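Undergrad: Need the 3D shape of this:
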Amino acid sequence: RPADWIANGLALAGISTPNFWLGIMMILLFSVQLGWLPPSGYVPLTEDWRQSLATTIMPAFVLGNSIAGVLMRHTRAAMLGALGQDYVRTARAKGLPERVVVAKHALRNALIPVVTLGTIELGKLLAGAVLTEQIFTIPGFGKLIVDAVFNRDYPVVQGVVVVTAVIFVLLSLLSDLLYMLVNPRLRAA
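TA: Numbering: from 1, shown residues only. Got it, this is the predicted structure:
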């Protein structure tokens with residue numbers, strides 16, 4: 001179907017487009033050529049919410065682009081696998097509406113591997129933030145680590161590494177908790 005081809009193409013484009021290239025191209029298009037968004041910088045939400053939103057749109061899109069592509073492909077594969085299972089055929093044979101079959105039976109079981117992958121991808125978000133913050137000159141976690149490395153500020157580098165490790169451990173815990181929430185077989189145990 002055409003919608004499936006378009007979704008697959010967008011997912012593949014999201015996965016294969018490097019963040020640094022996409023960020024530069026977005027700055028050239030939306031800031032330099034069209035003048036719609038500011039090219040760089042950061043404005044806190046408490047100062048001016050409109051300007052804060054304008055400075056956040058491009059970096060958020062760049063960071064979410066590859067993660068969305070990976071999650072789209074895995075969700076599609078998991079849904080295709082779940083739609084072919086016996087319990088989905090049984091739900092259809094019982095006369096349930098297709099929307100209920102897809103949402104309640106297929107999607108719930110297809111989300112089990114996607115939840116685990118999603119938390120891993122959130123961890124990768126930290127790595128992508130380093131480049132994205134440099135491109136858009138955002139004062140954040142990535143800029144802090146880059147500045148600390150170039151200034152040979154080893155205590156700051158160590159602190160950032162420890163905080164990053166704690167974040168990864170918490171994401172792993174979140175993954176396990178969400179896995180138990182989504183997987184009905186584990187909730188009963």
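Undergrad: Could you use CA atoms for every contact and neighbour count after this?
TA: Noted.
Undergrad: And the residue nearest the centre of the chain, which helix or strand is it part of?
TA: Ranked by distance to the mean C-alpha position of the chain (CA atoms, centre = their mean), the top residue is I67 at 3.9 Å. Element membership for I67, per DSSP states H and E: helix 49-83.
Undergrad: contacts for stretch 21-33?
TA: Contacting residues not belonging to stretch 21-33 are listed as W36, L37, P38, P39, M58, P59, V62, T132, I135, F136 [CA atoms under 8 Å, 6 or more residues apart in numbering].
Undergrad: pLDDT weak spots in the chain?
TA: By pLDDT under 70, the weakly predicted segments of the chain are 184, 186-189.
Undergrad: Now with 80, please.
TA: Across the chain, residues meeting the criterion (pLDDT under 80) sit at 127-128, 182-189.
Undergrad: in it, which spans are helices?
TA: Read by DSSP state H, the chain holds these helices, from start to end of the chain: 2-16, 19-26, 49-83, 86-93, 98-100, 107-135, 141-150, 154-182, 184-188.
Undergrad: Take the ones you listed and lay them out in JSON lines including distance to V32.
TA: Listed next are these as JSON lines, based on distance: least, CA to CA, whole Å:
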{"stretch": "helix 2-16", "distance to V32": "23"}
{"stretch": "helix 19-26", "distance to V32": "9"}
{"stretch": "helix 49-83", "distance to V32": "13"}
{"stretch": "helix 86-93", "distance to V32": "51"}
{"stretch": "helix 98-100", "distance to V32": "44"}
{"stretch": "helix 107-135", "distance to V32": "14"}
{"stretch": "helix 141-150", "distance to V32": "23"}
{"stretch": "helix 154-182", "distance to V32": "34"}
{"stretch": "helix 184-188", "distance to V32": "51"}
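Undergrad: just so I know, which of those helices lies nearest V43?
TA: Proximity to V43, assessed across those by CA to CA, is greatest for helix 49-83 (4.8 Å).
Undergrad: for that closest one, which positions count as buried?
TA: Buried residues in helix 49-83, defined by neighbour count with 16 or more other CA atoms under 10 Å: 52, 54-56, 58-59, 62-76, 78-79, 82-83.
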